[in-house]
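*Asks:* Generate coordinates for the sequence data below:
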Amino acid sequence: MLKKSIKIFLVLALIALVAIQFIRPEKNNDGYKSVASFESETKPSEKVAVVLKENCYDCHSNQTQYPWYSEIAPFSLWLDDHIEHGKKHFNVSAWNDYTVKKKEHKMEEFVEMVEKGEMPLQSYTIIHGNLSEDDKKLLLQWAGLVRLQYKHQLEVSSK
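*Replies:* Residues are numbered from 1 along each chain as shown. Purely as a prediction, here's the structure:
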């Protein structure tokens, strides 16, 4: 009886795995133009721009570079969920839609998340590797300067 139940479960699981392959999340890819205004405004150095591209833009912009396994469910659904949540919290492709106050706050959150080691997510670093300490320092220095610029803009505009 137990063997038959296990066989039925395995067949149903296989059918579900095949069926889920037909659920295709929409790709998140508007190309480089989606980060151009963010980079133009925040002026990252070449090194910082590379770190952002390699570690942040996949989930925090409209230019995701999809790995091969993104074509296989349930990984495709999991990645889509990560991208959706990432863009909800910090989306450089929507940077022009943010107020100066919101930009300053987003940079504050950026600094906080990198300092605490909460970004990039552990699930991302397992596959892609962690940020080096040098990369973290570069990002934090750049983000701190950008944040100061926004703070200054807020102070000037409130006078």
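
*Asks:* which regions of this protein sit below the pLDDT cut-off?
*Replies:* Of all residues in the chain, those with pLDDT under 70 make up the ranges 1, 28, 30-33, 125, 127-128.

*Asks:* so where do the helices sit in it?
*Replies:* All helices of the chain, identified by DSSP state H, fall at 2-20, 33-42, 46-55, 57-60, 75-89, 100-116, 122-128, 133-158.

*Asks:* Tabulate these in a markdown table, adding columns for mean neighbour count and distance to Y69.
*Replies:* (Each C-beta comes from the backbone N, C-alpha and C, glycine too.) Below are those laid out as a markdown table (neighbours: other C-beta atoms under 10 Å; distance: least, C-beta to C-beta, whole Å):
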| stretch | mean neighbour count | distance to Y69 |
| --- | --- | --- |
| helix 2-20 | 10 | 14 |
| helix 33-42 | 16 | 23 |
| helix 46-55 | 16 | 18 |
| helix 57-60 | 22 | 13 |
| helix 75-89 | 16 | 5 |
| helix 100-116 | 16 | 25 |
| helix 122-128 | 12 | 9 |
| helix 133-158 | 15 | 24 |
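
*Asks:* Just put those helices in TSV and tack on distance to K27.
*Replies:* Below are the helices of the chain laid out as TSV (distance: least, C-beta to C-beta, whole Å):
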stretch	distance to K27
helix 2-20	17
helix 33-42	13
helix 46-55	18
helix 57-60	12
helix 75-89	9
helix 100-116	24
helix 122-128	18
helix 133-158	27
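
*Asks:* Which of the ones you listed sits closest to W68?
*Replies:* Among the helices of the chain, helix 75-89 comes nearest to W68, with 9.7 Å by C-beta to C-beta.

*Asks:* how big is the angle separating that closest one from helix 2-20?
*Replies:* 60 degrees (axes from the mean of the first three to the mean of the last three C-alpha atoms, to 10 degrees).

*Asks:* residues touching the closest residue to K106 other than its chain neighbours, list them.
*Replies:* Spatial nearest neighbour of K106, chain neighbours left out: F90 (5.6 Å); criterion: C-beta to C-beta, 6 or more residues apart in numbering. With contacts defined as C-beta atoms under 8 Å, 6 or more residues apart in numbering, the neighbours of F90 are 60, 106, 109-110.
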